[in-house]
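J.: sharing a sequence plus its predicted fold:
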Amino acid sequence: MVAFGEVDPISMKLLLSGKSYDYGKPKWNFVTGKLYVPKDYEGLRIEYNGDSFVDYVKVSEQFEISYF
């Protein structure tokens, strides 16, 4: 998945947005295991905000995150 992200240091969030030109918006329902995130983002809540309210996902609450 390719997404654009920005770190909000005040609220301690990694805010993801955007979509891939090849695949469109992320297909969260296809995630079957852990999400692997660089260790630099450990301690941040991860959220994805797409084009509409329906696309909003609290990634760090809905999926198991593993940091590398």
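T.: Yep, it's here.
J.: ok, the residue lying closest to residue 50 once chain neighbours are set aside to residue 4 distance?
T.: Closest residue in space to residue 50, ignoring its immediate chain neighbours: residue 25 at 5.2 Å, by C-beta to C-beta, 6 or more residues apart in numbering. Yep, even glycine has a C-beta here, placed from its N, CA and C like the rest. Distance, residue 25 to residue 4, by C-beta to C-beta, to the nearest Å: 12 Å.
J.: can you give me phi and psi for residue 53?
T.: Main-chain dihedrals, residue 53, degrees, to the nearest 10: phi -60, psi -30.
J.: check what pLDDT it gets.
T.: pLDDT, residue 53: 76.
J.: likewise for residue 5?
T.: As predicted, residue 5 sits at a pLDDT of 86.
J.: show me what it bridges to in the sheet.
T.: For residue 5, the beta-bridge partners under DSSP bridges are residue 16.
J.: which ones are touching it?
T.: Residues near residue 5 by C-beta atoms under 8 Å, 6 or more residues apart in numbering: 14-17.
J.: surely residue 57 meets residue 31?
T.: No: Residue 57 is not in contact with residue 31 according to C-beta atoms under 8 Å; the separation is 10.0 Å.
J.: ok, those two, which is more surrounded?
T.: Between residue 57 and residue 31, residue 57 has the larger neighbour count (other C-beta atoms under 10 Å), namely 17 against 14.
J.: number of residues surrounding the nearest residue to that one once chain neighbours are set aside?
T.: The spatial neighbour of residue 57 that comes closest, neighbours along the chain excluded (C-beta to C-beta, 6+ apart), is residue 48 at 4.5 Å. Neighbour count for residue 48, taken as other C-beta under 10 Å: 21.
J.: could you do residue 28 as well?
T.: Neighbour tally, residue 28, other C-beta under 10 Å: 14.
J.: what are the ranges of the helices in this protein?
T.: Using DSSP state H, the helices of the chain run over 59-62.
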